[in-house]
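[1] Following is a predicted model, sequence given first.
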Amino acid sequence: AVCCMASSSRKLELDEPSPGSVLDGSTGLAEACKRETWLEIGRVAGLHVLDEKFMASGAEVLKRGKASRHLIEKCCATMQKDGFFRLENEDMCPTSDGCKFFLKLCQNLAKGINLLETKGFPPVFCCIFDEAWLVSCFVCEQWAEIFKDGDKLSSALKNDLKFNADFWAWKVVPRTEDGNGKVTHGTGKKRARATEEAENDLSKSGWGHHRDRETMPLKPGEAPKYVSLWVPLTEASVRNGCMSLLPASRDPEYFPQDNLGVGHSERLDTKNRAGEDTAGMDGDKSVQECEWCLMEMSPGGLLGWSGRLLHKAVKPAPQKRQRAQHESSPVLPRMSLAFAASSNDFEDPLLRLPSRSVPFRLGECVSLKERLGVVAVQMWTYEHRVPIPPAARQILMDFERLYDDSDVDEDTNDSMKRENIENNEK
C-alpha cells in the first residue's frame, strides 16, 4: 500500500507557494508538492488548487434545489433492472445554473488534461485540481446516495454509499486512416509518437471489457455495494471511444453463482494487453455477440454502473485523414473522469484517504498531500494497464520515500491491513 511509506527523516511542507516554479518533465517532488506549481497550469485552464472560497461557493451552486423525484426513481429502477443509470447534463443539477456550472467544471478539466499532457503527466493528475473534487463529490452526494433513499425502494435496495476516491481519467486518442489503410493516432508531426503511446497506454485507447469489482457479492433485488461513476468531460461517441455496457438483464454472469463474487475479469493472469479477460465467459465469443448498449454522451453528463456490470470502451472506428479544408472536422479526443461510491461493509470509502476518520464532503478542501497520495495509489494500482511516464514515476517514488512509519498511527496501519488495496482492485 502506497500510503505506508519507507522511512525518511525528511519532512515536507506541501502548501508553501513557490513563485515562478514550472511543472515539466524534469520537475522533482519538491516542486510537485507546491501549490503554486499546479496553479501555473490551473490558471491557463481556469482551474483552482486549494481554493477554499471557490470550493465553498461551487458547492452552493451545485446543491441548490432538490433533485427530481421522478429522476431518482427512474435511476433506481434502471439500476435494479440493468445494473446502470444514465443522466444528461441538463438533469445533473436541480437548477439550470447548476447544470451550466457543472459543465464548465468538466470543460476546464479537459483543458487541464491537455496541458498536463504537454508537461509529461497522465490524465489522472487532474485530481490535483479542485474541480475534480467538486465534480466527484457532488455526483456522489446528489446521485449515488439516492440508493439509500426513496419511499418506493425496498430495504434491500437501500445502500449507504459514500464517495470513494477511486479516481481515473482518460484521453482516448482518435484513430485516423491514411490512403494506404494504415491506422494511426493523432495528427501532424506528432502522429507516430501518438500512435505508439496509444498502443501502450490504455488511458489513451480505452480499456477492454471487464468488471470493476468482480469480488462484490450481489443477489437479485439487492443494491450494489460499489458503484462506478463516469463523467464525460468532452463529447463521447463511437468515433472517439464512448462507453459500451452489457445490461445486467442480458448478462447470465452478472449475479455470481456462489454470491461470493468469484469470477474472471479482474484476474491478472487471464488478462490480455487490452485489459480484456481471456478466461471463461468474459473472454468467450458469446460476450462479443451479446447486445451491448452504446453510450454516446455529451460532456457534463453521468454514467453510473454496478461493480458487477460488464463494460468496455468502444474501439474508435478509423476515420479518413483530412486532406482539404472543406472536409469534415477531425474527431477530437474523448476525455473522461471516473470515481466511485461504496459502502463500508464492502470497500471502505476512505481506503485511499487513510488519514481521514469521516467521509469527505462536498465543498471541503482536501490537502495537496492527500491528493498526491490518491494519485500515487491509483497509478501504482493500474500500472499493469497504464505505464507510468518517467516524469510521474520519479515523483511518485520520491513521494513514497518521504513517509516515515511513525507518521502513520496504529489505527491507520490496522485499517490498511484490513483493507488491502491489492485484494480489492486485483
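    Here it is on my side, so go on.
[2] what pLDDT does Leu402 get?
    On pLDDT, Leu402 comes in at 70.
[3] Roughly how far does it sit from Lys369?
    Per Cβ to Cβ, to the nearest Å, Leu402 is found 9 Å from Lys369. C-beta coordinates here come from the backbone N, C-alpha and C atoms, glycine included.
[4] A helix includes Arg371, no?
    Yes - applying DSSP: H, G, I helix; E, B strand; the rest coil, one finds Arg371 inside a helix.
[5] For burial, what's the neighbour tally of it?
    Residues near Arg371, counting by other Cβ atoms under 10 Å, number 24.
[6] so who does it touch?
    127-128 (Cβ atoms under 8 Å, 6 or more residues apart in numbering).
[7] can you tell me how far it sits from Gly98?
    24 Å.
[8] What confidence value was assigned to His209?
    For His209, pLDDT reads 89.
[9] Surely it and Val314 touch.
    No - judged on Cβ atoms under 8 Å, His209 makes no contact with Val314 at a distance of 10.6 Å.
[10] Quick check: can you name the pairing partners of the longest strand along the chain and their directions?
    When the chain is parsed with DSSP state E, its longest strand is strand 162-172. In the sheet, strand 162-172 lines up against strand 334-342 (antiparallel) (DSSP bridges).
[11] Now do the partner strand, average pLDDT.
    The model assigns strand 334-342 a mean pLDDT of 96.
[12] just the CA coordinates of that strand, formatted as CSV?
    Output of strand 334-342 as CSV, limited to C-alpha atoms (Å, rounded to 0.1, in the frame of the first residue of the first chain):
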residue,chain,number,x,y,z
ARG,A,334,-12.6,11.6,-25.7
MET,A,335,-11.7,12.7,-22.2
SER,A,336,-13.5,11.5,-19.1
LEU,A,337,-13.2,11.3,-15.3
ALA,A,338,-14.2,8.3,-13.2
PHE,A,339,-14.5,7.7,-9.4
ALA,A,340,-16.8,5.7,-7.2
ALA,A,341,-19.2,5.3,-4.3
SER,A,342,-19.0,2.4,-2.0
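[13] Now Gly304: phi and psi?
    Taking degrees, to the nearest 10, you get phi -130, psi 130 for the backbone angles of Gly304.
[14] Check whether it really touches Tyr226, as I assumed.
    No - between Gly304 and Tyr226 there is no contact under Cβ under 8 Å: 11.0 Å.
[15] Mind jotting down where the helices sit in the stretch 51-200 of the chain?
    52-63, 69-82, 96-118, 130-142, 191-200 (DSSP state H, counting those that start in this stretch).
[16] pLDDT (mean, whole number) over the longest one?
    For helix 96-118, the mean pLDDT works out to 96.
[17] With the shortest one instead?
    Throughout helix 191-200, pLDDT has a mean value of 48.
[18] Also stretch 48-67?
    94.
[19] and the end-to-end length of that stretch?
    This stretch, stretch 48-67, spans 27 Å end to end (Cα to Cα, to the nearest Å).
[20] before we move on, back to that, more crowded one of Leu402 and Lys369?
    Leu402 (20 against 17).
[21] Please tell me I have it right and the more buried one contacts Leu29.
    Yes - under the criterion of Cβ under 8 Å, Leu402 makes contact with Leu29 at 7.3 Å.
[22] Okay, now the unreliable bits of the protein?
    Along the chain, the parts satisfying pLDDT under 70 run over 1-27, 144-159, 176-205, 258-290, 319-329, 403-426.
[23] residue ranges of the strands in it, please?
    In the chain, the strands defined using DSSP E lie at 84-87, 162-172, 175-177, 183-185, 226-232, 243-246, 293-295, 302-306, 310-313, 319-320, 334-342.
[24] right, and those - which one's nearest Thr381?
    strand 162-172 (8.9 Å; Cβ to Cβ).
[25] what angle sits between that closest one and helix 130-142?
    130 degrees (axes from the mean of the first three to the mean of the last three Cα atoms, to 10 degrees).
[26] check contacts around the closest residue to Asn240 other than its chain neighbours.
    What sits nearest to Asn240 in space, not counting adjacent residues and going by Cβ to Cβ, 6 or more residues apart in numbering, is Arg334, at 4.0 Å. Taking Cβ under 8 Å, 6+ apart, we find Arg334 in contact with 170-172, 174, 232, 234-237, 240-242, 316.
[27] I'd like the residues you listed laid out as JSON lines, including neighbour count and distance to Lys81.
    Output for the contacts of Arg334, formatted as JSON lines (neighbours: other Cβ atoms under 10 Å; distance: Cβ to Cβ, whole Å):
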{"residue": "Trp170", "neighbour count": "29", "distance to Lys81": "28"}
{"residue": "Lys171", "neighbour count": "24", "distance to Lys81": "32"}
{"residue": "Val172", "neighbour count": "27", "distance to Lys81": "29"}
{"residue": "Pro174", "neighbour count": "23", "distance to Lys81": "33"}
{"residue": "Pro232", "neighbour count": "26", "distance to Lys81": "23"}
{"residue": "Thr234", "neighbour count": "22", "distance to Lys81": "29"}
{"residue": "Glu235", "neighbour count": "17", "distance to Lys81": "27"}
{"residue": "Ala236", "neighbour count": "27", "distance to Lys81": "23"}
{"residue": "Ser237", "neighbour count": "21", "distance to Lys81": "25"}
{"residue": "Asn240", "neighbour count": "25", "distance to Lys81": "29"}
{"residue": "Gly241", "neighbour count": "27", "distance to Lys81": "26"}
{"residue": "Cys242", "neighbour count": "22", "distance to Lys81": "21"}
{"residue": "Pro316", "neighbour count": "25", "distance to Lys81": "29"}
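[28] got those as CSV, with distance to Gly221 columns?
    Output for those, formatted as CSV (distance: Cβ to Cβ, whole Å):
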residue, distance to Gly221
Trp170, 33
Lys171, 39
Val172, 35
Pro174, 41
Pro232, 30
Thr234, 37
Glu235, 36
Ala236, 31
Ser237, 35
Asn240, 37
Gly241, 34
Cys242, 30
Pro316, 37
